[in-house]
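# Fold the stuff below for me.
(2 chains, ligands or ions: 2)
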Amino acid sequence: MKALVSVKRVVDYNVRIQVKPDQSGVVTDGVKMSVNPFDEIAMEEAMRLKEKGKITEIIAVTVGGAKCEETLRTALAFGADRAVHVKEEGEIQPLTAAQALAAVFKKEGAQLFLLGKQAIDDDASQTGQMVAALLDLAQATFASKVELDGSKAVVTREVDAGLETLEVDLPAVVTADLRLNEPRYLKLPDIMKAKKKPIEAVSFASLGVTPGAGLKTTKTAPPPKRGKGIVVKTVDELVAALKAKGLV
Amino acid sequence: MSVERDVMEYDVLVVGAGPSGLSAACRLKQAAAAAGKEISVCLVEKGSEVGAHILSGAVFEPRALEELFPNWKELGAPLNTPVARDEVYFLTGPEKGIKTPGMFVPRTMHNEGNYIISLGNLCRWLAQQAEGLGVEIYPGFAAQEVIVDEGNVVRGVQIGDMGVDRAGHHKEGVYTPGIELRAKYTLFAEGCRGHLGKRLIKRYRLDENSDAQHYGIGLKELWTIDPAKHEPGLVIHGAGWPLNSANPGGFFLYHLENHQVYAGLIVDLSYSNPYLSPFDEFQRIKHHPVMKKYLEGGKRVSYGARAICKGGFNSLPKMVFPGGALIGCDLGTLNFSKIKGSHTAMKSGMLAADAAAAALLAGGEGGDELAAYPESFKASWLYDELYRDRNFGPAMHKLGVLFGSAFNYVDQNWFRGKGPVTLHDNTPDYATLKPAAQSRKIEYPKPDGVISFDKLSSVFLSSTNHEEDQPVHLLLADPAVPIGKNLPLYDEPAQRYCPAGVYEVVSEGAAPRFQINAQNCVHCKTCDIKDPAQNITWVAPEGSGGPNYANM
Ligand SMILES: Cc1cc2nc3c(=O)[nH]c(=O)nc-3n(C[C@H](O)[C@H](O)[C@H](O)COP(=O)(O)OP(=O)(O)OC[C@H]3O[C@@H](n4cnc5c(N)ncnc54)[C@H](O)[C@@H]3O)c2cc1C
Ligand code: SF4
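Ligands and ions are numbered 1, 2, ... in the order given. Predicted coordinates for the structure are as follows:
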């Protein structure tokens, strides 16, 4: 069984985000980029399923410019067997990315599409859902446990009320939540081997995807500065302060 | 417990992706290509990516780069802002300063032909060139131990283990033993106060015939300023207030591209007042009109700190030992009279690479001393440059800033550094502190949150991160010293010299306690240098940990 894992290149989670002075976006020049941490969890899960013999091949995929090759190399170092790079420079609309991923999934004839529940750059949490809708597949989002059983996947998902267990028919889309696993450390020899693994470059055109104009970003601004806090001495004072702010 | 470790072998291994290590790696590949042969080169870097741990000024002298890549312009090296103008100040008080007329500015402080750059970005570019030439670069892996064989020959390094918890236990499922990287020659390019370099100097007694090494701590911020005040290429240096002869230092302000400036302060680590706080001195000096006039209305983007090796010529240890060599600031090639160490680091890396390449191409098996490296050093412009400027630091230390400057002016401009006198300074920086009881307490102004800031919000901007559940990477030889000795004698200066607030003396209840917030460490190495008891040893934390400097 083939699994497709998508990985996105994002600003590293340790970087303190700076908004560009002209508010056109955030600063990425000279800033450390890395694999979206939730996608790493998806990658790790694919590896564990492969190690259990449930999956035979892992294909990593990304959508983006030439620099995203690094992201794919990381996925290959994790253990992906090969990679597909949907190579397109410039801004990419979320729906277009989902269409491209769906096309790759179909082309590869994969049974399982694993990806992070969201990317930490725009936090939209929609790619997995869109791919499932485009391909009319079952989806199990926010997974904290994944088991493959023949033609089915049993997925435990984290929901507000607690845990929910779903059984979905394959092929299916599964998005990884934080507690699904703890990704392994990359080993230096694996990083070296990853440099030699194949990456196939494809384009929107070759996948039959026509980029559309969906969203337009009008402005990016940092969150408002937090006001000064106050120190209260008693519970009564606290209640009074909360009341004054209309919070209780 | 013995652990099975993977082994990878190369012809040459380079430890550290700074200007010296990257230049050495490029040069090795160039030499191999020129000879139509193969030399395998591996480079490891503890930062999460190349450049993540690089912090420099930087006014860059392109001399070594010209030699390494004569076509650096076409290759797109990020040297974007030529120096347009130098200004030098001597500050006489919080509001006052004297601008030194151009004719009295020492020769070494002129910067025509130089560029204002981000050294981190230059390293990122050098790494691309190196990879293009076939060097294998592995960021996120720290060299933790030197591998020395029974014959006392350096055979490579061992990478630090990953996935070890605070108590030293292997974490279930994620523990990953660091591999052994073995090589015919290993070049140590860890920069100032390399933790392996320090051990090698000791083990092979490389500093037997040299003066004590001297250091400074450099603190730096990147600001985006009001475009109306921005003058690309303007370089400002200054000394004086609030520092003095017993506690010397100097500030800088460089206007680079994109309406940004680098503001920084370098404090000599031979300072004597244990109450001095380099961080607070830096925050205070930004309020001086010479700096404030540019920063006002601007926004701070980044912060960082790094020690600087300033002993120069007289402090240079022996460069080679069986199986390897020290290069760059790990050796101590910075020219302090210019506050420049990047071009000299690059050159030393290139010289060591030439020596290693020649030996390997001649069929050598490695493991020997690369005698050709110190020999070619003696014949190079690098030797000439460091020799001329050998008196600069000692003059400042011995004669004080005023007479020291006068000496330097005469020595540099009349004798071009080839004057008849050599000054020596053999008191190590950890031994210069006066007891707290004999020192003046310094009351620093509270940061205003506009021009000056506190330590924690500053460290936040360095994007520093360490896996929290790992052994503390700041080792105390004797855990009783900070509270038992340093506190009564020197009011534990670690609280103040650490630019990242790692060390705290916490007094809950009766007994004070020494706390180490290791995850804040920006890897500047100051504690390893300045602790008066020499009780703190910096070792590499889990790979990738540390700052994530961008454009620094
Ligand atoms: C505030 C400040 C201002 C300066 N201004 C200037 C200037 O204007 N012009 C100028 O030319 N120079 C300047 N310098 C000096 C210059 O930055 C240094 O001389 C130069 O960076 C030295 O290069 P290097 O390659 O020897 O070491 P570094 O640049 O320090 O690089 C060492 C690298 O090795 C890595 N490393 C260390 N130990 C290990 C390990 N055990 N395992 C793996 N990796 C490791 C580090 O993370 C780092 O990336 C300044 C320095 C400072 C601090
Ligand atoms: S702990 Fe030491 S090396 Fe780390 S930031 Fe503080 S002084 Fe520098």
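
# List the buried residues in stretch B:523-542.
Residues B:523-533, B:535-542 are the ones in stretch B:523-542 that count as buried (16 or more other Cβ atoms under 10 Å in any protein chain shown). (Each C-beta comes from the backbone N, C-alpha and C, glycine too.)

# Of those residues, which belong to strands?
Among those, the members falling in strands are B:536-538 (criterion: DSSP state E).

# and of those residues, the nearest to A:Ala103?
Distance ranking of these against A:Ala103, using Cβ to Cβ, places B:Trp538 first at 51.1 Å.

# Tell me the confidence at the spatially most central residue of chain A?
Residue closest to the mean C-alpha point of chain A, counted by Cα atoms, centre = their mean, is A:Gly116 at 3.3 Å. In the prediction, the pLDDT value recorded for A:Gly116 is 98.

# what's the closest non-adjacent residue to it?
A:Phe38 (2.5 Å; Cβ to Cβ, 6 or more residues apart in numbering or on different chains).

# Just the CA atoms of the one helix or strand that neighbour maps to, as CSV, please.
Secondary structure assigned from DSSP states H and E places A:Phe38 in helix A:37-51. Output in CSV follows, covering the C-alpha atoms of helix A:37-51 (Å, rounded to 0.1, in the frame of the first residue of the first chain):
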residue,chain,number,x,y,z
PRO,A,37,5.9,20.4,12.5
PHE,A,38,2.5,18.8,12.0
ASP,A,39,3.7,17.4,8.6
GLU,A,40,6.7,16.0,10.4
ILE,A,41,4.3,14.1,12.7
ALA,A,42,2.4,12.9,9.6
MET,A,43,5.8,11.7,8.1
GLU,A,44,6.7,10.0,11.4
GLU,A,45,3.4,8.2,11.4
ALA,A,46,3.9,7.0,7.9
MET,A,47,7.3,5.6,8.9
ARG,A,48,5.9,3.8,11.8
LEU,A,49,3.2,2.2,9.6
LYS,A,50,5.8,1.2,7.2
GLU,A,51,7.9,-0.3,9.9
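
# Which strands and helices lie in contact with the very next helix or strand once past that helix?
Once helix A:37-51 ends, the next helix or strand along the chain (criterion: DSSP H and E) is strand A:57-64. For strand A:57-64, the elements it packs on are strand A:2-6, helix A:37-51, helix A:69-78, strand A:82-87, helix A:94-108, judged by 3 or more Cβ pairs under 8 Å, 6 or more residues apart in numbering or on different chains; DSSP states H and E.

# What pairs with the fourth one, parallel or antiparallel?
The partner list of strand A:82-87 in its sheet, established with DSSP bridges, is strand A:57-64 (parallel), strand A:199-202 (parallel).

# List, one by one, the residues from the stretch 401-550 of chain B near ligand 2.
Where proximity means Cβ under 6 Å from any ligand atom, the interface of the stretch 401-550 of chain B facing ligand 2 comprises B:474, B:498-500, B:502, B:521-527, B:538.

# what about B:Lys441, which SS state?
Assigned state for B:Lys441: coil (three-state reduction, DSSP: H, G, I helix; E, B strand; the rest coil).

# just to revisit the earlier point, export the residues of the stretch 401-550 of chain B next to ligand 2 to JSON lines and tack on distance to ligand 1 and pLDDT?
Rendered in JSON lines, the data for those read as follows (distance: Cβ to the nearest ligand atom, whole Å; pLDDT from 0 to 100):
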{"residue": "B:Leu474", "distance to ligand 1": "15", "pLDDT": "98"}
{"residue": "B:Cys498", "distance to ligand 1": "15", "pLDDT": "98"}
{"residue": "B:Pro499", "distance to ligand 1": "11", "pLDDT": "98"}
{"residue": "B:Ala500", "distance to ligand 1": "14", "pLDDT": "98"}
{"residue": "B:Val502", "distance to ligand 1": "17", "pLDDT": "98"}
{"residue": "B:Cys521", "distance to ligand 1": "12", "pLDDT": "98"}
{"residue": "B:Val522", "distance to ligand 1": "11", "pLDDT": "98"}
{"residue": "B:His523", "distance to ligand 1": "7", "pLDDT": "98"}
{"residue": "B:Cys524", "distance to ligand 1": "8", "pLDDT": "98"}
{"residue": "B:Lys525", "distance to ligand 1": "9", "pLDDT": "98"}
{"residue": "B:Thr526", "distance to ligand 1": "11", "pLDDT": "98"}
{"residue": "B:Cys527", "distance to ligand 1": "15", "pLDDT": "98"}
{"residue": "B:Trp538", "distance to ligand 1": "10", "pLDDT": "98"}
